[in-house]
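> 3D model of this:
(one chain, ligands or ions: 1)
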Amino acid sequence: MDHFVYRAGRLWAEDVPLAEIAEAVGTPVYVYSDATLRRHLGLFQEALDWGPHLVCFAVKACGNVAVLRLLAEAGAGMDVVSEGEWRRARAAGVPGERIVFSGVGKTRAELRCALAGGVRQINVESEPELRALSAVAAAMGLEAPVAIRVNPDVDARTHPKIATGLSGTKFGIPAARAREAYRLAASLPGIRVVGVDVHIGSQITDLAPFEAAFRRVAELTEALRADGHRIERLDLGGGLGIPYAGSGEVPPLPRDWGAAIRRTVGHLGCEVTVEPGRLIAGNAGVLLSRVLYVKEGEGRDFLILDAGMNDLVRPALYDAHHDIVPETEAPPDAPRRVFDVVGPVCETGDIFARGREMPVLAEGDLVAFRSAGAYGAAMASEYNSRPLVPEVLVRRDQFAVIRRRPTFDEMIARDSVPPWL
Ligand code: LLP
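Numbering: from 1, shown residues only. This next block holds a predicted model:
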């Protein structure tokens with residue numbers, strides 16, 4: 001459930017008409033719903049309320065500081081994968097002890113920054129990283145709280161570009177080598193083992209791969225405890241899929257995911273951390289865009305929008321499906337037309353939907369990309385020198401620009417010309 005609904009024939013975000021935002025801020029623009037973000041976070045908190053837990057929002061999905069602050073106020077911790085994300089979380093007011101640091105290639109500078117400024121746990125993904133962290137922490141006279149990310153060799157049955165739990169990927173330490181890695185961790189100065197971490201991929205629409213991975217984590221935890229390690233926390237990652245309207249996928253509910261966690265690892269008495277991103281932010285955001293032109297091509301019609309692949313790259317990168325709906329509701333019997341929905345970027349791949357049947361639209365009409373709150377603005381770029389897309393947050397009948405559109409001058413001023421030119 002989300003808070004983007006038609007009222008009297010116009011699309012609203014909570015109690016604000018999207019047309020009003022388009023008018024005030026211009027398009028393209030991302031619009032998030034405060035109530036939907038909170039609701040989705042709450043679903044995870046409820047799903048895990050059978051035991052001690054912390055829901056850490058995956059900042060990579062939507063890193064705007066305002067979004068992080070509202071989630072943090074509602075009790076979320078943060079899962080970060082870079083110093084930039086760690087700084088965003090801190091700027092949003094999240095204390096270090098609620099920030100988990102993940103990622104396959106953390107630099108020594110990033111590790112130092114997190115240790116100095118506060119971190120709940122560092123999810124280590126390789127033996128060399130463990131040694132680097134040990135050296136950094138020991139030099140600072142600190143002990144780094146560590147979980148080792150294990151690769152359970154589970155097929156998450158999702159898009160290959162976002163599957164991380166198979167043994168051929170770069171992620172984690174193979175489960176078969178995990179006990180050895182923990183032995184190494186226990187022997188190194190500056191390292192304090194606190195838990196086990198796993199994350200098998202994203203947009204997973206079936207509970208079975210999660211259960212398989214969590215069972216492996218449970219077995220491993222028992223083995224590690226028998227080896228004398230104190231395993232107090234399990235970080236079970238994110239990855240729960242969302243219903244992308246029109247995609248036909250029906251993912252499990254957070255409640256069922258939470259029950260699967262309880263079934264598989266509940267008996268271990270560990271504190272459970274999870275790192276959902278997409279499910280919290282995805283359906284809490286839309287990308288609003290305006291139709292620039294309707295162009296008749298050779299045997300196909302193009303709806304050319306003012307949003308491009310630089311603003312929302314998911315269709316180009318993952319063949320992702322995003323529902324694209326008119327801001328003005330079309331009556332059920334309104335004529336429909338088949339469009340290729342495209343952006344203005346000079347690439348054939350700048351296409352949001354091919355052969356999509358939708359209500360007839362005309363120049364100047366507004367459309368909304370649904371399910372765009374996660375990995376939308378966060379993955380946007382300035383390709384084609386299109387200034388970074390702005391973001392707006394709605395709360396009931398109020399809205400605020402939470403990232404403004406940079407001016408052309410600001411964009412260009414970051415470049416510098418060397419003295420010899
Ligand atoms: N934890 C870790 C360690 C991750 O790598 C990820 C996502 C998450 C948590 C959050 O997963 P989520 O709950 O959002 O599925 N750009 C792609 C998705 C990449 C996901 C990368 N890792 C997309 O637009 O589909």
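> buried stuff in the strand or helix carrying residue 293?
Here residue 293 sits within strand 285-296, counting by DSSP states H and E. Neighbour counts over strand 285-296 (16 or more other C-beta atoms under 10 Å) mark 285, 286, 287, 288, 289, 290, 291, 292, 294 as buried. C-beta here means a position set from N, CA and C on the backbone, and glycine is covered the same way.
> Touching, the third one and residue 310? I think so.
When you say that, I think you mean residue 287. No. Using C-beta atoms under 8 Å, residue 287 is not in contact with residue 310, being 11.7 Å away.
> Verify the contact between residue 169 and residue 163 for me.
Yes. Taking contacts as C-beta under 8 Å, residue 169 lies within contact range of residue 163: 7.1 Å.
> Residues of the chain that sit close to the ligand?
Proximity of the chain to the ligand is confined to 58, 61, 79, 102, 162, 199, 202-203, 237-240, 275-279, 314, 318, 374-375 under the rule C-beta under 6 Å from any ligand atom.
> any idea how far stretch 145-159 is from the chain center?
Averaging C-alpha positions (C-alpha atoms, centre = their mean, to the nearest Å) puts stretch 145-159 17 Å from its chain's average.
> Please identify which of residue 169 and residue 163 sits among more neighbours.
For residue 169 versus residue 163, neighbours defined as other C-beta atoms under 10 Å are more numerous around residue 163 (22 against 15).
> Disregarding residues adjacent in the polypeptide, which is nearest to the more buried one?
Nearest residue to residue 163 in three dimensions, chain neighbours excluded: residue 201, at 4.2 Å (C-beta to C-beta, 6 or more residues apart in numbering).
> what about that neighbour, how many residues close to it?
By the criterion of other C-beta under 10 Å, residue 201 has 27 neighbours.
> and it, what does it touch?
Listed by C-beta atoms under 8 Å, 6 or more residues apart in numbering, the contact set of residue 201 reads 156, 158, 162, 163, 164, 165, 209, 239.
> mind redoing it with 7 Å?
Neighbour list for residue 201: 156, 158, 162, 163, 164, 165, 239 [criterion: C-beta atoms under 7 Å, 6 or more residues apart in numbering].
> And residue 345, by the same measure?
Going by C-beta under 7 Å, 6+ apart, residue 345 touches 308, 309, 310, 383, 384.
> Now do the same for the most centrally placed residue in the chain: its pLDDT.
Using C-alpha atoms, centre = their mean, the residue of the chain that lies closest to the mean C-alpha position is residue 61, 2.1 Å off. Listed pLDDT for residue 61 reads 98.
> Can you tell me the closest non-neighbouring residue to it?
Per C-beta to C-beta, 6+ apart, closest to residue 61 is residue 277, 3.0 Å.
> Appreciated, that's everything.
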